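S.K.: Provided below for reference: sequence and predicted model.
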Amino acid sequence: MLKEKIAALNLPVFPSTREEAIEMLCREEYGYLPPKPISMTWEDEIIVPRFCAGKAPLHKVTLNCAMPNGKSFSFPIYVAIPADGKAHPAFLHINFRDSVPDLYQPSEELCDNGYAVFTVCYNDITKDDNDFTSGLAGVLFENGERKNDTDCGKIAMWAWGAQRVMDYILTQPGVIHERVTVAGHSRLGKTALLTGATDTRFYCAISNDSGCSGAAITREKQGETVKSICEEFPFWFCKNYYKYKDNEHNMPFDQHWLIGLLAPRYAYVASASNDLWADPASEHLACVAAGELWEKDGFITPDRPPRIGDSFHEGKVGYHLRAGEHFFSREDWLNFMTFLRKKG
């Protein structure tokens, strides 16, 4: 059923190399990620010593990046590592807010389940608007002007920031460095996938309700389209992407490439039944289309659409469809932890 639908969509075949896929997605959709900093230092401040009943003190860490263009850029992150002397797997959550815990982040429950939790607020990297003088954008673009059609949009900048957090994580003894998962919701789910797709240091990338230009197949997608997303949020993407408005069938790629770039690592896509703007059916279809890159264990489900309450955790591409609206819920986090525990 689903394989026949995928065949009928005539999706572009995944390139023979990762590098070709990354080049295409960056050049045509997100823009090229900014260059890595020449060096990075940080300041660490304990802001809530008794966080999680003292089991995981909360730190505010300011990362200072020396950029290749001679400028510098700094932004804060928030760190809660269980203080039991052990090394832990970790979540890096790209969040909408800098509050810890948060509406979208059950920090204490994650720590109690044995995870270190790193949080970065996307607006601390660059503002979610068309102002290219804010934060990192102002460091990259003279007078806030993107001159090239391949210059990065805000999603690529947020992904760059998350990768700098990974640079910091790799210095921390309380973390299993090979077991770091990046997660995000909605536009930040798109960001989490791009982060993990372009940086193989991440063990897994999680998209929660990311929809159009994230985890959803674009061709014949319901709800949000390339036209609607580019007209409302043109600053998320490079200018090249605009040419695919009402022109999705001529895209030389589709979003299963983004998920497929996680292979042979792990990917997870979560959907909500009432989130028709994101289009759960197209999100699930992208997982199945990408699953071929993981060979047999990449196919996450029988050849049928998912039902509300379904969770597929056995392969390397996880998926669940929960009841409800566009939201990052405790139920989502519990599914993610169940999936990751099954991986060892």
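M.R.: On my side now, so go ahead.
S.K.: past the helix ranked longest in the chain, which element shows up next along the chain?
M.R.: The longest helix of the chain (DSSP state H) is helix 154-169. Once the chain leaves helix 154-169, the next helix or strand it forms, by DSSP states H and E, is strand 175-185.
S.K.: would you mark the buried spots in that following strand?
M.R.: Across strand 175-185, burial judged by 16 or more other Cβ atoms under 10 Å covers Val175, His177, Arg179, Val180, Thr181, Val182, Ala183, Gly184, His185. For the C-beta atoms, the positions are set from N, CA and C on the backbone; glycine is no exception.
S.K.: between these, which is nearest Lys243?
M.R.: Set against Lys243, the nearest of those by Cβ to Cβ is Gly184 (26.4 Å).
S.K.: identify the residues contacting the nearest residue to Glu178 once chain neighbours are set aside.
M.R.: With sequence-adjacent residues excluded and distances taken as Cβ to Cβ, 6 or more residues apart in numbering, Glu178 is closest to Tyr203, at 6.3 Å. If you count contacts by Cβ atoms under 8 Å, 6 or more residues apart in numbering, Tyr203 has them with Pro89, Glu178, Arg179, Val180, Thr181, Arg265, Tyr266.
S.K.: need the phi and psi values for Tyr203.
M.R.: Dihedral angles phi and psi of Tyr203 (degrees, to the nearest 10) take the values phi -70, psi -40.
S.K.: got it, and the one 10 residues further on?
M.R.: As for Ser213, its main-chain torsions (degrees, to the nearest 10) stand at phi 70, psi 10.
S.K.: show me the contacts for it.
M.R.: Contacts of Ser213 (Cβ under 8 Å, 6+ apart): Glu29, Lys190, Val226, Ile229, Trp236, Phe237, Tyr241, Gln255.
S.K.: average pLDDT across the longest helix of the chain?
M.R.: Averaging pLDDT along helix 154-169 gives 99.
S.K.: which elements pack onto that helix?
M.R.: strand 39-48, strand 58-66, strand 72-80, strand 88-95, strand 116-121, helix 135-140, strand 175-185, helix 187-197 (3 or more Cβ pairs under 8 Å, 6 or more residues apart in numbering; DSSP states H and E).
S.K.: deepest-packed of those, please.
M.R.: The highest mean neighbour count among these, using mean count of other Cβ atoms under 10 Å, belongs to helix 187-197: a mean of 29.
S.K.: next SSE downstream of that one?
M.R.: The helix or strand immediately downstream of helix 187-197 is strand 204-208, counting by DSSP H and E.
S.K.: if you compare the directions of that next one and strand 88-95, what angle comes out?
M.R.: Here strand 204-208 points in a direction 40 degrees away from that of strand 88-95 (axes from the mean of the first three to the mean of the last three Cα atoms, to 10 degrees).
S.K.: what packs against strand 204-208?
M.R.: So strand 204-208, by 3+ Cβ pairs under 8 Å, 6+ apart, packs with strand 175-185, helix 187-197, strand 266-272, helix 330-341.
S.K.: can I get the ones you listed in a markdown table including mean pLDDT and distance to Ser134?
M.R.: Output for the helices and strands packed on strand 204-208, formatted as a markdown table (pLDDT from 0 to 100; distance: least, Cβ to Cβ, whole Å):
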| stretch | mean pLDDT | distance to Ser134 |
| --- | --- | --- |
| strand 175-185 | 98 | 19 |
| helix 187-197 | 99 | 16 |
| strand 266-272 | 97 | 30 |
| helix 330-341 | 98 | 29 |
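S.K.: as TSV, the ones you listed with distance to His284 would be great.
M.R.: Formatted as TSV, the helices and strands packed on strand 204-208 follow (distance: least, Cβ to Cβ, whole Å):
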stretch	distance to His284
strand 175-185	17
helix 187-197	14
strand 266-272	7
helix 330-341	14
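S.K.: pick out the most distant pair among the contacts of Tyr203.
M.R.: Greatest spatial distance in the contacts of Tyr203: Pro89 and Arg265, 13.6 Å, computed using Cβ to Cβ.
S.K.: please report how far the most centrally placed residue in the chain lies from Cys230.
M.R.: Residue closest to the average C-alpha location in the chain (Cα atoms, centre = their mean): Ala192, at 0.8 Å. Taking Cβ to Cβ, to the nearest Å as the measure, Ala192 falls 21 Å from Cys230.
S.K.: now do Tyr104
M.R.: Relative to Cys230, and taking Cβ to Cβ, Tyr104 is found at 26 Å.
S.K.: who has more neighbours out of those two?
M.R.: The residue with more neighbours, out of Tyr104 and Cys230, is Tyr104; 23 against 20, by other Cβ atoms under 10 Å.
S.K.: low-confidence stretches in the chain?
M.R.: By pLDDT under 70, the weakly predicted segments of the chain are 296-301.
S.K.: quick one, what contacts Pro89?
M.R.: Gly114, Tyr115, Ala116, Val175, Ile176, Arg179, Val180, Thr181, Tyr203, Leu340.
S.K.: tell me the one of the residues you listed nearest Ile22?
M.R.: Nearest to Ile22, judged by Cβ to Cβ, of those is Tyr203 at 18.5 Å.
S.K.: would a markdown table of the helices and strands packed on helix 154-169 with distance to Cys212 be doable?
M.R.: Below are the helices and strands packed on helix 154-169 laid out as a markdown table (distance: least, Cβ to Cβ, whole Å):
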| stretch | distance to Cys212 |
| --- | --- |
| strand 39-48 | 33 |
| strand 58-66 | 31 |
| strand 72-80 | 27 |
| strand 88-95 | 18 |
| strand 116-121 | 23 |
| helix 135-140 | 23 |
| strand 175-185 | 14 |
| helix 187-197 | 9 |
